[in-house]
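# Could you look at this predicted model? Sequence included:
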Amino acid sequence: MTRFASLSLVLAFVIAVAGCATPGGGSPNEVEIRTGRIEQITATTIQSNHHQGVGAILGGIAGAGIGSLIGAGTGRDVAIAAGAIAGVVGGNYVQKREFDKPQPAQQVIVRLNSGVLVSITQPVNPSLANGMRVYVEGAGADARVIPAR
């Protein structure tokens, strides 16, 4: 089988198993820790966790503040509006250019002691290696793979 077909099969299996899962009855603060061995680690990227639109909001506020220092009366109102618009455009540009770059990550496929395969995409952890015993901590988007000690 090709590598793509193998990964597709693993992904289909993980989705099928996840669809059969039932929610637990524990409190929302509980963290489930499962143990297993790493089957595969693949390099990938994830989007930055910076909030979208923050640059535009901060730029708009700064632009309106600077615009308020210019002129008086109607001219001042126009300067505030123009400053806010320029600030929104500039702040959005700076955020996209500086902060919204893809971050290096790794997709880790772990075979749990129960035999189930799970796939977790997380920031790079250089201490992980194929065949290593690990803990899978958490669930969903918050799940992380950490080395077992």
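In hand now; what should we look at?
# All the helices of the chain, residue numbers only.
Listed in chain order, the helices of the chain (DSSP state H) span 3-20, 54-67, 74-98.
# looking at the ones you listed, which has the lowest confidence?
Mean pLDDT is lowest for helix 3-20 among the helices of the chain, at a mean of 60.
# wait, doesn't residue 146 sit right on residue 132?
No - contact criterion C-beta atoms under 8 Å: residue 146 and residue 132 do not qualify, at 10.3 Å. The way it works is simple: take the backbone N, C-alpha and C, and place the C-beta from them, glycine included.
# ok, now which ones touch residue 41?
106, 107, 108, 109, 128, 129, 130 (C-beta atoms under 8 Å, 6 or more residues apart in numbering).
# Among those residues, which one is most surrounded by other residues?
residue 108 (24 neighbours; other C-beta atoms under 10 Å).
# Spatially nearest residue to that one (excluding sequence neighbours)?
residue 145 (4.7 Å; C-beta to C-beta, 6 or more residues apart in numbering).
# correct me, but that neighbour touches residue 133?
No - using C-beta under 8 Å, residue 145 makes no contact with residue 133, being 10.9 Å away.
# returning to that earlier point: number of residues surrounding the residue nearest to residue 108?
Per other C-beta under 10 Å, the neighbour tally for residue 145 reads 23.
# swap in residue 63?
The local packing of residue 63 (other C-beta under 10 Å) involves 23 other residues.
# How about it, nearest residue that isn't a chain neighbour?
Closest residue to residue 63 apart from its sequence neighbours, by C-beta to C-beta, 6+ apart: residue 87 at 2.3 Å.
# Tell me how far the one you found lies from residue 38.
Separation of residue 87 from residue 38 (C-beta to C-beta, to the nearest Å): 47 Å.
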